[in-house]
Structures are given as C-alpha cells and as structure tokens.
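**Q** whatever this is, show me its structure:
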Amino acid sequence: MPKSLSKELDQIMTSELGDMGQFIIKKQCKDLKIDPENIQASDLPRLADALSGAVRLFGTDKAKNLYRKILRLKSLDSIVENQSNSGKKLEDMMHLASASSNAGEWESARKNYNDALGLAKELDNREAQAKICRSIAGIALRTGEYKVADENLKESLAISTELNNPKDIVESLRGLGNAHWRKGEYRKALDYLEDALNRAQKLGDDEAMAQVYMAMANVYDEKGEYEKGIGYAKQSLDFFEKAGNVNSVATVLNNIGVAYARMENYEKSVKYYEKCIRVSKDANYVLMNAWAMFNAGEDYAKLGDFKKSIKYCQDSLAIFRKTKDRLGMSGAYMSFAIAYRLKEDYTKSYDYFKKTIKLREELGMPYRLADACYECGLMLVKKGDITSAKKYLERAKNIFSDIKSETMIGRVEKALASL
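**A** Numbers count the residues shown, from 1 in each chain. Presented below is the predicted three-dimensional model:
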C-alpha cells in the first residue's frame, strides 16, 4: 500500500510538471525526511503542504490541481481526524490549512485554520495560536478583508509579546505594516515597520530585515518618496541575491521597476522589468513573471513600442485569468487601458479603465484605485470628454488626499488646472 501511494504521488507530480515534478517531490521528501519510495498516508498532510507551496510558484492553477488530486487520492481530513496524538493532530491540521491556502482554496483554508485554532486553544498552545492568527491574516489580506487581518495580527502580536518570542513579534509587526500599507494608512504602516526593523536589527536577523526593507520600500513608493523607496528596495535586493532567494529577487526587481515608472523614467523601469522576467522565468515563478510582463507592457507603450506592449499584456492577463488573481487582472487591464490610450483607441481604452476601476473598488486598495481614476481622466482629456475627465480626476484627487500621497496630489492638480 505505501509503495503504491509513492507511485501515485509520483504520477500526479509528473502529470502536472513532467520531470520537474519528480525532482520537486524528491527534494520535498528529502527536506521532510520522508522516504520517497515509501510514503505513508500519515505523511500526506505535511507533504501536501510542502508540495503545494513549491508548485504554487508555477501558478495557482497548478497548486490547485495538485491539491485536489491529492484529496482524491486520500482524504486528508480523515487522516487528520484519525490522528490520536493531539500535538501531531494540530500540526497536521495546520499543514492541511496551509496546503489549501497555497492552492488558493480560501474558504477551505479559513475553515481549516479556524479548526486548528480551536484545537490550539484546547491544548493551550499559545505559539501555535499566534502562528495561526498570522496565517488567517495572510488570507484576509489576499481577499481584501483588512479588519479581519488587523484583528488577527494584533492577536498574534499580543501572544508573541506575552511569550517573549522576538522573531514572531517582528513577523506580526511586519504584517500589521503591510495591512496598513494596503489600506493607504502610510504613517501607521511605517510606525509598525520601523518597530519591526529595529527589533530585527537587534536580533541580527538579516532575512527579517530584508523583508521589512522590502515592505518599507512599498510604502515610500506610494507616498511618492521614490528615491527613498528605491534605497530600501536595493538593500533588500542585496540580501536576497547573496542568499540565493531568487523568488524574492524577482519581486524586488519588479518593485524597483514600478518605482522608476512612477518617476516617469521608463527606460530604466523596463530594464528592471526585463531582469525580473528573466529571473522569474528561470525560477519558474509564473505569477511574478506575469506581473513584470504587464508592468513592462504599460511602459513599452509609453516608449512607443505598442506591439511589444500588447503582447506582454495579453500574456500576463491569460495567466491571471487562469489563476483567478484579481489584483493581477486589474493591473493587466490597466496596462491595456494605457496602451490603447496612447494608440488613441479611446473606446477600447475606456472599456479597460472601467474594468480596472471596478476591480480595484472591490479589492479596496485606495492608491491603485486613485491611480486608475487619474490615468482614466488623462485619457478622457485626450478624447475631448472634459466633463467626464474632471469627474475622474476629482475622484483621484480626493483619494490621494485621503491617503496623503503628496506627489500624486500634485500631478492630479496640475491635470485639473489644465482643463
């Protein structure tokens, strides 16, 4: 029976990723100290977690397919439920929740994490409670439920402080910083991130420092303090390159490209995007590859290379539709909208702007929503619809004012003054 299970898992991984699938299952088994030729049913919760996490880099659809095939192979819920050791049962429940989260199965992940949280409370395992709260918050941030994220991160911080667990305190503070950044509350975000950075520095935890630098770069970028943001991003890039963390390298390269684009230095931005595309492609980091493509697509349009622009936008949108990544889809729509605006196809441009704005309203990310309204306003000016242009520009100004993005307020005011 166990050898048959090993064979079936090998077939699943091969069907999803070919020879790479076989390599991944052997590596994950080695890391988990599992014999790949003798996988037991009791190994499946943690192995499903590890495999779905590794496969997610190839796209959420791949992770989802893998997760569902493993579920059909064996009932992971039954394996967990039949575990007699309470401590091991809690670990398995957390692995099951993480696997469903890796697959983008948000409802299953929430249920599994809440079940795990209930058991952790019964066992009075405070460290596990803090970790589960951070995981629930991570899902909430992905789905735009910022109140839920805030509540769980604060609970995690309180528990980690009570336990005097410095690394978990840093993680909770960084999470709170990211939550407030997404809401456009930049001062609060920086307060949490600066606290996290100070604590990480005292610990001498270079990786935690690099993660905080990356988060601070995002905040300063949206505040319009681009040089400061790029400085923090490059500090994180230096660590990730030395550590060989190619996925984080790709993410930071993309973010630096965004900062240069916001400075309207498109020659420099596309260089960083192209670096990101190469790195993420080599690492099979499909989602970041798609993000860099639509960002590059927008900036190639601004440089007048419409053929390359549209191709990149099409390729990225296809990936986001498959993975149901709504934030990514909104970015691809935005790049299409700007490309068609610059081609003076205002009907297509307006259609894509409306799709972008609708998605960003639903996602609740004020900076991105305001940016879409601003760019749409510029398109309507070109189209000659001054009344509608003013409406979008005024909306952009109001949102940028709410989140105190001074650089963008100035740009919108300049556009309004020219009407």
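**Q** OK, contacts around Asn178?
**A** 141, 189, 215, 218 (CB atoms under 8 Å, 6 or more residues apart in numbering). (Glycine included, C-beta is placed from N, CA and C.)
**Q** just the residues you listed now: which is nearest Phe353?
**A** Set against Phe353, the nearest of these by CB to CB is Asn218 (23.8 Å).
**Q** how near is Gly331 to Cys373?
**A** According to CB to CB, to the nearest Å, Gly331 and Cys373 sit 15 Å apart.
**Q** do Leu51 as well
**A** Plainly put, Leu51 is 42 Å away from Cys373 if you go by CB to CB.
**Q** comparing those two, which residue is more hemmed in?
**A** A count of neighbours by other CB atoms under 10 Å puts Leu51 above the other of Leu51 and Cys373, at 28 against 24.
**Q** is the closest residue to that one other than its chain neighbours in a helix, a strand, or coil?
**A** Nearest residue to Leu51, sequence neighbours excluded (CB to CB, 6 or more residues apart in numbering): Gln28, at 5.7 Å. Following DSSP: H, G, I helix; E, B strand; the rest coil, we place Gln28 in the helix state.
**Q** Gln28: neighbour count?
**A** 21.
**Q** just checking, what packs against whichever strand or helix holds Ser135?
**A** Element membership of Ser135, judged by DSSP states H and E, is helix 126-142. Secondary-structure packing of helix 126-142 (3 or more CB pairs under 8 Å, 6 or more residues apart in numbering; DSSP states H and E): helix 86-102, helix 106-122, helix 146-162, helix 166-182.
**Q** helices of the stretch 301-419 of the chain, start to end?
**A** Assigned by DSSP state H, counting those that start in this stretch, the stretch 301-419 of the chain shows helices spanning 306-323, 326-342, 346-363, 366-383, 386-402, 406-417.
**Q** pull out the buried positions in the fifth one.
**A** Using 16 or more other CB atoms under 10 Å as the test for burial, helix 386-402 gives 388-390, 392-393, 395-397, 399-400.
**Q** now do Gly177 against Ala337, distance only.
**A** Counting by CB to CB, the gap from Gly177 to Ala337 is 30 Å.
**Q** got it, and Asn398?
**A** Asn398 is 21 Å from Ala337, by CB to CB.
**Q** I'd like the helices of the stretch 301-419 of the chain laid out as TSV, including mean pLDDT.
**A** Shown next, in TSV, are these (pLDDT from 0 to 100):
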stretch	mean pLDDT
helix 306-323	92
helix 326-342	93
helix 346-363	96
helix 366-383	96
helix 386-402	97
helix 406-417	94
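**Q** most packed of those helices?
**A** helix 326-342 (a mean of 24; mean count of other CB atoms under 10 Å).
**Q** that one packs against which elements?
**A** Where contact means 3+ CB pairs under 8 Å, 6+ apart, helix 326-342 is packed against helix 286-302, helix 306-323, helix 346-363, helix 366-383.
**Q** give me the angle between it and helix 286-302.
**A** Helix 326-342 runs at 20 degrees relative to helix 286-302, counting by axes from the mean of the first three to the mean of the last three CA atoms, to 10 degrees.
**Q** great, nothing more from me.
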